[in-house]
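**Q** What follows is a predicted protein model with its sequence.
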Amino acid sequence: MAERRECGPWPREGEPRPAGRARRLCVVGAGYVGLTAAACFAHLGHDVRCVERDAERLGTLLEGGIPIHEPGLAELVAAGLRSGRLGFTDDIGAALEGAEVAFLCVGTPPQASGEPDLSLLAAAAREAARHASGDVVVVVKSTVPPGSCEALELVCAEEAAPGVRIRVASSPEFLRESRAVEDFLAPDRVVVGAEDADAAELVAGLYPEGCPVVVCDRRGAELVKYAANTYLAIKISFANEVAQLCDALGTEAQAVLAGVGADHRVGPEFLRPGPGYGGSCLPKDVAGFIALGEAAGTRTTLAAAAEAQNAHARRSVVHRLELVLGGLSGRQVGVLGLAFKDGTDDVRDSPALQIVADLVAAGAVVTCYDPLAPSFLALGTRAATVSGAIVGAEALVVAVASEEYQRLDPVTAARSMAGRVVFDAAGILDLERWTAAGFSVYGVGRGMPLAFYPVVWTPLRWTTAGKSPGAEAAGA
Ligand SMILES: NC(=O)C1=CN([C@@H]2O[C@H](COP(=O)(O)OP(=O)(O)OC[C@H]3O[C@@H](n4cnc5c(N)ncnc54)[C@H](O)[C@@H]3O)[C@@H](O)[C@H]2O)C=CC1
Ligand SMILES: O=C(O)[C@H]1O[C@H](OP(=O)(O)OP(=O)(O)OC[C@H]2O[C@@H](n3ccc(=O)[nH]c3=O)[C@H](O)[C@@H]2O)[C@H](O)[C@@H](O)[C@@H]1O
């Protein structure tokens, strides 16, 4: 076993102290998860070398920039580089020198079957094992199906030099994009799956002091991640289901869901209706959860229902707008938001992007605005400001719940737009103000014209005091 060593003097004045000792760490992959983990571990006092194989991404990092938008991350990276506790390289051998722990944070993108593609991860594990000169605990942070760590341990054993022991542990990541740093430094919990207590303790000790740690076996830790994301997806789909019902019943979804979420057993978070969930993980992990059930021969009906409801939610924005406008061909539509949610530049599997694509496919003339989404997106016309996106528009779609869009003044919008239709898919506009400015406001859980519904719901009529119509019909 490699000798454990301290990484520089500790503690340093004014800096947070890690729960365990400061360690030498290697992090493979400098994406949303890897870069955040590397910068935060360095902030916690560890000595971190981060390996990135993408030349452009690495170049940006080596020049002191960061390749993604994540609040607070640039500052942490800069501080890590200044202190010497953070470094970037494409040389995994150099990054592993003296490292006791190597975190694998590479992508596990979805395949058509719903199962994730683990080829990048297997390649990273192979490289790490091949270049390890001493014993290393390889920690899989990427989201992987149960059983992956066990399989990777065999791969590592094949590649490792004689006498080098590679143990593979699981420690899935739960951070949210746009809040990656705060989530990493103050997690609700850390999950560690390892086959021996020593490895579990080593890994758990790297995280911020005082955060709750759930220790289980590797399969359990791997499953926590899928189950957690699937549960969040189910909650969002439930909110969308309630919102659709609210539209049909002519009531406001926000108030109804606030009433549901106020019960502490339910909780208010992830009950915001909208254009469906997206991003690189929720859709992928729900599909992965269903694929897991199929492989294991268990029922995953709730996950499948969440997926089906989400597909409906994502299609229905443009479908509804088409009905409201009486057709989309040649109609000028402004869209606010392209990223998969507010505060990020990530457009992977973005519902907003799908809205724009569906509008363009239906023949609409689209102008969109997003302050962070990459400029290479060639969908419709890209405006540089909110006002640029709405000028001359017959209808406006708010696709992402951003404060910037919420601040849009309806009186100014009315002056600039050609029409008075707003589809508030994100559910953020002040109904009263927009209605007062002459707009017809539609949206998910924000009301739809009655003609939209094939069945017109009629309020129950109480014909006999104290008895329900059902009771009467039953002859009570
Ligand atoms: N994005 C998110 O918010 C979260 C993602 N996850 C999971 O974490 C994993 C990573 O996700 P992201 O960070 O979003 O992916 P990403 O695609 O943004 O970043 C992965 C990085 O790894 C690099 N890479 C791939 N193979 C490499 C190798 N052999 N050596 C060095 N670098 C290599 C890529 O060039 C890329 O920069 C996925 O399994 C994902 O499901 C988990 C929690 C949150
Ligand atoms: O595994 C992952 O990658 C991560 O996936 C999600 O994080 P993230 O994808 O960054 O974004 P969320 O904030 O969860 O939003 C996901 C999608 O759901 C939508 N959403 C979220 C909440 C809500 O109430 N309603 C709703 O429609 C968002 O707009 C977005 O499209 C989870 O929240 C993280 O815990 C997890 O680590």
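**A** Arrived safely. Ligands and ions are numbered 1, 2, ... in the order given.
**Q** Mind listing what's buried along the top helix by length along the chain?
**A** In the chain, assigned by DSSP state H, the helix with the most residues is helix 218-249. Across helix 218-249, burial judged by 16 or more other Cβ atoms under 10 Å covers 218-219, 221-226, 228-230, 232-244, 246-248. The C-beta positions use only the backbone N, C-alpha and C, and glycine is treated the same way.
**Q** how near is Gly45 to Ala22?
**A** Noted for Gly45: a distance of 4 Å to Ala22, by Cβ to Cβ, to the nearest Å.
**Q** about what we covered before: quick one: the longest helix of the chain near ligand 1?
**A** No: judged by Cβ under 6 Å from any ligand atom, helix 218-249 makes no contact with ligand 1; its nearest approach is 7.2 Å.
**Q** Downstream of that helix, the next helix or strand is which one?
**A** On the C-terminal side of helix 218-249, the closest following helix or strand by DSSP states H and E is helix 253-261.
**Q** Against which helices or strands is that next one packed?
**A** For helix 253-261, the packing partners by 3 or more Cβ pairs under 8 Å, 6 or more residues apart in numbering; DSSP states H and E come out as helix 218-249.
**Q** what's the offset of the helix it packs on from the middle of its chain?
**A** Centroid separation for helix 218-249 versus its chain: 13 Å, with Cα atoms, centre = their mean, to the nearest Å.
**Q** show me what contacts the closest residue to Gly293 other than its chain neighbours?
**A** The shortest distance from Gly293 to any non-neighbouring residue, by Cβ to Cβ, 6 or more residues apart in numbering, is to Thr300 (3.5 Å). Applying Cβ atoms under 8 Å, 6 or more residues apart in numbering, we find Thr300 in contact with 289-290, 292-294.
**Q** Next one: Thr300 from ligand 1, what distance?
**A** Going from Thr300 to ligand 1 by Cβ to the nearest ligand atom, to the nearest Å gives 19 Å.
**Q** and if you look at Pro208?
**A** Distance from Pro208 to ligand 1, by Cβ to the nearest ligand atom: 17 Å.
**Q** give me the number of residues near that residue?
**A** For Pro208, the neighbour count with other Cβ atoms under 10 Å is 18.
**Q** what's the answer for Ser113, then?
**A** Ser113, neighbours per other Cβ under 10 Å, totals 12.
**Q** contacting residues for Gly274?
**A** Going by Cβ under 8 Å, 6+ apart, the list of residues near Gly274 reads 236, 240, 313, 351, 401, 425-427, 444.
**Q** quick one: which of the residues you listed is most hemmed in?
**A** With neighbours defined as other Cβ under 10 Å, the most crowded of those is Ala425; it has 33 neighbours.
**Q** interface residues of the stretch 101-250 of the chain facing ligand 2?
**A** Within the stretch 101-250 of the chain, the positions lying close to ligand 2 (Cβ under 6 Å from any ligand atom) are 143, 173-177, 229, 232, 236.
**Q** export those residues to CSV and tack on pLDDT?
**A** As requested, these are exported to CSV (pLDDT from 0 to 100):
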residue, pLDDT
Thr143, 98
Glu173, 98
Phe174, 98
Leu175, 98
Arg176, 98
Glu177, 96
Asn229, 98
Leu232, 98
Ile236, 98
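**Q** Turn these into JSON lines, including distance to Phe439.
**A** Below are these laid out as JSON lines (distance: Cβ to Cβ, whole Å):
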{"residue": "Thr143", "distance to Phe439": "42"}
{"residue": "Glu173", "distance to Phe439": "42"}
{"residue": "Phe174", "distance to Phe439": "39"}
{"residue": "Leu175", "distance to Phe439": "37"}
{"residue": "Arg176", "distance to Phe439": "32"}
{"residue": "Glu177", "distance to Phe439": "31"}
{"residue": "Asn229", "distance to Phe439": "36"}
{"residue": "Leu232", "distance to Phe439": "32"}
{"residue": "Ile236", "distance to Phe439": "27"}
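**Q** ok, and for the strand or helix carrying Ala308, which residues are buried?
**A** According to DSSP H and E, Ala308 maps onto helix 301-325. For helix 301-325, the neighbour count (16+ other Cβ under 10 Å) marks 302-303, 306-307, 309-310, 313-314, 316-318, 320-322, 324-325 as buried.
**Q** For the stretch 301-450 of the chain, what lies in contact range of ligand 1?
**A** Residues of the stretch 301-450 of the chain that fall close to ligand 1, judged by Cβ under 6 Å from any ligand atom: none.
**Q** Check the stretch 301-450 of the chain for the residue nearest ligand 2 and tell me.
**A** Using Cβ to the nearest ligand atom, the single residue of the stretch 301-450 of the chain nearest to ligand 2 is Lys341, 3.8 Å away.
**Q** Quick check: that residue is in a strand.
**A** No: counting by DSSP: H, G, I helix; E, B strand; the rest coil, Lys341 is not part of a strand but coil.
**Q** I'd assumed Arg179 was in contact with it.
**A** No: contact criterion Cβ atoms under 8 Å: Lys341 and Arg179 do not qualify, at 10.4 Å.
**Q** When these two are compared, which one has more neighbours?
**A** Higher neighbour count among Lys341 and Arg179: Lys341, with 21 against 15, using other Cβ under 10 Å.
**Q** tell me the pLDDT at that one?
**A** Looking at Lys341, its pLDDT stands at 97.
**Q** One more: the one 3 residues further on?
**A** According to the predicted model, the pLDDT of Thr344 comes to 95.
**Q** can you give me the helices in the stretch 301-450 of the chain?
**A** For the stretch 301-450 of the chain, the helices defined by DSSP state H, counting those that start in this stretch cover 301-325, 351-361, 386-390, 403-406, 410-416, 431-436.
**Q** out of everything not next to it in sequence, what's closest to the closest residue to ligand 2 within the stretch 151-300 of the chain?
**A** Residue of the stretch 151-300 of the chain nearest ligand 2, by Cβ to the nearest ligand atom: Cys281 (2.8 Å). Excluding the flanking residues, the one nearest Cys281 by Cβ to Cβ, 6+ apart is Asn229, at 6.0 Å.
**Q** Val286 is in contact with that neighbour, correct?
**A** Yes: with contact defined as Cβ under 8 Å, Asn229 and Val286 form a contacting pair (6.9 Å).
**Q** residues from the stretch 1-150 of the chain in reach of ligand 1?
**A** Applying Cβ under 6 Å from any ligand atom, we find that the stretch 1-150 of the chain lies next to ligand 1 at 28-34, 51-54, 57, 105-108, 120, 123-124, 127, 142-143.
**Q** List only those of the residues you listed flagged as buried.
**A** In these, burial by neighbour count holds for 28-34, 51-53, 57, 105-108, 120, 124, 127, 142-143, counting by 16+ other Cβ under 10 Å.
**Q** okay but Val347 is in contact with Leu377, surely?
**A** Yes: judged on Cβ under 8 Å, Val347 makes contact with Leu377 at a distance of 6.7 Å.
**Q** residues bridging contact with the two, i.e. touching both?
**A** Common contact partners of Val347 and Leu377 (Cβ under 8 Å, 6+ apart): 338, 353.
**Q** Give me the below-cutoff pLDDT ranges for the stretch 101-250 of the chain.
**A** Within the stretch 101-250 of the chain, no stretch falls below the threshold (pLDDT under 70).
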